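Q: could you look at this predicted model? Sequence included:
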Amino acid sequence: MSSMNYDPLHYPYPSRRHTVFSRKGMVATSQPLAAQAGLDVLRKGGNAIDAAVATASCLTVVEPTSNGIGADAFALVWTGGKLRGLNSSGPAPGGISLRALAGAGHKTIPPFGVAPVTVPGAPACWAELSRRFGKLSLPETMRSAMEYADSGFPVSPVVANRWQAAFEVYRAQDGKEFQHWFEAFAPYGRTPLAGELWRMPDQAATLASIAETEAESFYRGEISEKIDSFFRRYSGYLSADDLAGFKPEWVEPVKVGYRGYEVWEIPPNGQGIVALMALNILNGLEIGARDSAKAYHRQIEAIKLAFSDGLKYICDIRKMKVAVSDLLSEGYAAQRRSLITESAVDPLPGDPPRGGTVYLATADSEGNMVSYIQSNYLGFGSGMVIPGTGVALHNRGYCFSSDPEHDNCLEPGKKPYHTIIPGFLTKGGDPIGPFGVMGGFIQPQGHVMVMVNTVDFQLNPQAALDAPRFRWTGGLNVDVEDSFPRHIAAELSRMGHHITYAAPDDFDFGRGQIIWRGKDGVLAAGSEPRVMVRRRHGRQGQARGGCAAHDTPPRITLNLAAWYGVLPRCSFRDLRAFRPSLVQNHISSQKALFFYGTYFPLDSIIKS
């Protein structure tokens, strides 16, 4: 069994937490109640796959501003000594086309309404993961999600903030079809306040139906009939036939070798190969010292070259004009690598030889590990909610191109370019663990930065996430975080990069989690420090870097749940005195306290 080489006490960047260690299981995600749901399943005898499904379904309830029942999903699953990929993204409806959109008055694909809705894949993903690899029944696995929807949950501050932002977005839309969003998510004429107990009984009933029928009701039953009726009523495109014909696809993950490790992603229609192409380019370069202009320059240039190819060639893999193996070939990587000099370049796609979202990671004591991601794309998605179900449908069709000559052009039955990507790391065929960075088009950039921090600079998982990030936004333009070293930014500017410092409260640089497994089976995890609410200072809704800004709104505090982790011995009074405003007001039935985003079994705390 391989392991990572890092110092768990070395934190070169400001951090709000240390790496968390655990023996029997770990759940890392963006919301403490969802992390607890996954941990509860592990305690009941479920495995990491059950925990992933429990966490994912719970996130649709407690963080509806980022994902929902009407989302898409992808997963990388390590079990039985093998890594498997599950693509549960849906295709465009059979009745949609550029001509049909033009007939409805749309010159391009709109972000909201009935037009950008593709077949949702998340419910089928939960059912398929549970059926093939789970130990518990789907109703038992999804119980926490149903209970929170039915009995209520306290809304977190950032979710409340984004909920209100969505309210303003949908209020500005024309069309009676948007009224159902307000009926479901603002039934009192307003959105929930931070800390308010919020119930969603319609969503509870829908989750129960999905669990009891293993998602059959969603695709070939009562819920699908309601979806079909809704789209008929509002002259939409999604139909019962589209839903009935959908099944998630088990796929072979793709990889590149990177300095003795193997980095894995889901193949297209997702953008994971952008990260792999960039790492393949970097693999033939000396990266430079940590926190040096050379290291950042080479990462930026590799990402630019990889992204220019990805944006041109990635689409439904059945429609791609270039083979994935050609894009990931050593020869093509060398060709692209030769374009990197000591100066910034404005990238163009190459010619290879022809041959925002929620993320979670789970692990258990049996060796199973899951890297999972699901998203409604733009916040709540299309603004379309099926009456009486609580199902908010995503708007992933907005990622199609309206250019009939583009590889990613909208076609009926075709899957769009997808931004959400789970990652996984192995060494010599042995699992190291899952990782992911959510946030639209920042995701492959985040994956590259996390891998460089982990492999090249040997940072522990928390420090690998803490490190300052950049965000390539096109051409020579690069945004950097407020914490990015000024002297490095100045040197990058001299190299020709157009550097812009983001506002201190700009948190659109991705949010992620990592779980690594050591030789002795001990799990080590890190979770994102980029957690504060973004205030745009009069720029509400302004897009920085294209889709990245409006793809994934800022998220709630990112959290870890560790079962029997190595935890400090301290008193409850000490915890409260440290920063009581960050203590979550939730004590589970398993007698546990969430503090500062980390799960603490109460037997490790001396009450006083």
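A: Cool, got the structure. Numbers count the residues shown, from 1 in each chain.
Q: residue contacts, Ala102?
A: The contact partners of Ala102, taken as C-beta atoms under 8 Å, 6 or more residues apart in numbering, number zero. C-beta: built from backbone N, CA, C; applies to glycine.
Q: right, I mislabeled it, should have said Asp346
A: Gly475, Leu476.
Q: so it, which of the three states?
A: With DSSP: H, G, I helix; E, B strand; the rest coil as the basis, Asp346 sits in coil.
Q: per-residue pLDDT of it, please?
A: Model confidence at Asp346, given as pLDDT, is 93.
Q: next, Pro444: phi, psi?
A: For Pro444, the backbone dihedrals (degrees, to the nearest 10) come out as phi -60, psi -30.
Q: quick check: it vs Val274, distance?
A: Noted for Pro444: a distance of 4 Å to Val274, by C-beta to C-beta, to the nearest Å.
Q: what sits in contact with each of those two?
A: Common contact partners of Pro444 and Val274 (C-beta under 8 Å, 6+ apart): Ile303, Ala306, Phe307, Gly310.
Q: is Glu265 bridged to anything, and to what?
A: As for beta bridges, Glu265 partners with Val254 under DSSP bridges.
Q: my read: it touches Leu279, true?
A: No. Contact criterion C-beta atoms under 8 Å: Glu265 and Leu279 do not qualify, at 9.8 Å.
Q: overlap in contacts, these two.
A: By C-beta under 8 Å, 6+ apart, no residue touches both Glu265 and Leu279.
Q: circling back to that earlier point, now, among the shared contacts of Pro444 and Val274, which is nearest to Val452?
A: The closest of those to Val452 turns out to be Ile303 (C-beta to C-beta; 10.6 Å).
Q: surely the closest one touches Met277?
A: No. The pair Ile303 / Met277 is not scored as a contact, 9.0 Å apart, by C-beta under 8 Å.
Q: next secondary structure element downstream of the host helix or strand of Ala52?
A: Per DSSP states H and E, Ala52 falls inside helix 48-62. The helix or strand immediately downstream of helix 48-62 is strand 72-79, counting by DSSP H and E.
Q: how far does that next one sit from its chain's centre?
A: 12 Å (C-alpha atoms, centre = their mean, to the nearest Å).
Q: before we move on, what about stretch 306-324?
A: The answer for stretch 306-324 is 21 Å, by C-alpha atoms, centre = their mean.
Q: ok, stretch 448-468 next?
A: That offset, for stretch 448-468, works out to 18 Å (C-alpha atoms, centre = their mean).
Q: may I see the buried residues of it?
A: 448-457, 459-468 (16 or more other C-beta atoms under 10 Å).
Q: please flag which of these sit within helices.
A: Val448, Met449, Val450, Met451, Pro461, Gln462, Ala463, Ala464, Leu465, Asp466 (DSSP state H).
Q: turn those into TSV, columns for pLDDT and distance to Ile210.
A: Output for these, formatted as TSV (pLDDT from 0 to 100; distance: C-beta to C-beta, whole Å):
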residue	pLDDT	distance to Ile210
Val448	98	36
Met449	97	36
Val450	97	33
Met451	98	35
Pro461	95	33
Gln462	93	35
Ala463	94	39
Ala464	96	35
Leu465	94	32
Asp466	93	37
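Q: ok, of these, which one's closest to Ala525?
A: Distance to Ala525, by C-beta to C-beta, is smallest for Pro461 among those, at 6.0 Å.
Q: residue contacts, the closest one?
A: When contacts are counted by C-beta under 8 Å, 6+ apart, Pro461 touches Tyr6, Thr19, Thr454, Ile514, Ile515, Trp516, Ala524, Ala525, Gly526.
Q: go on, Gln335?
A: Gly350.
Q: try it again with 10 Å
A: Residues near Gln335 by C-beta atoms under 10 Å, 6 or more residues apart in numbering: Ile281, Leu305, Ser329, Gly350, Asp351, Pro352, Pro353.
Q: wait, the third one touches Pro352, no?
A: To tie it back to what came earlier, the one meant is Ser329. Yes. Between Ser329 and Pro352 there is a contact at 7.3 Å, judged by C-beta atoms under 10 Å.
Q: now the common contact residues for those two.
A: Met277, Ala323, Gln335.
Q: run the chain-centre distance for the helix or strand harbouring Ser371.
A: Using DSSP H and E, Ser371 falls within strand 369-375. Its chain's average C-alpha position is 7 Å from that of strand 369-375, according to C-alpha atoms, centre = their mean.
Q: so for that strand, what's the average pLDDT?
A: Across strand 369-375, pLDDT averages out at 97.
Q: so which residues of the stretch 351-500 of the chain form helices?
A: 443-451, 461-466, 486-494 (DSSP state H, counting those that start in this stretch).
Q: alright, calling it a day.
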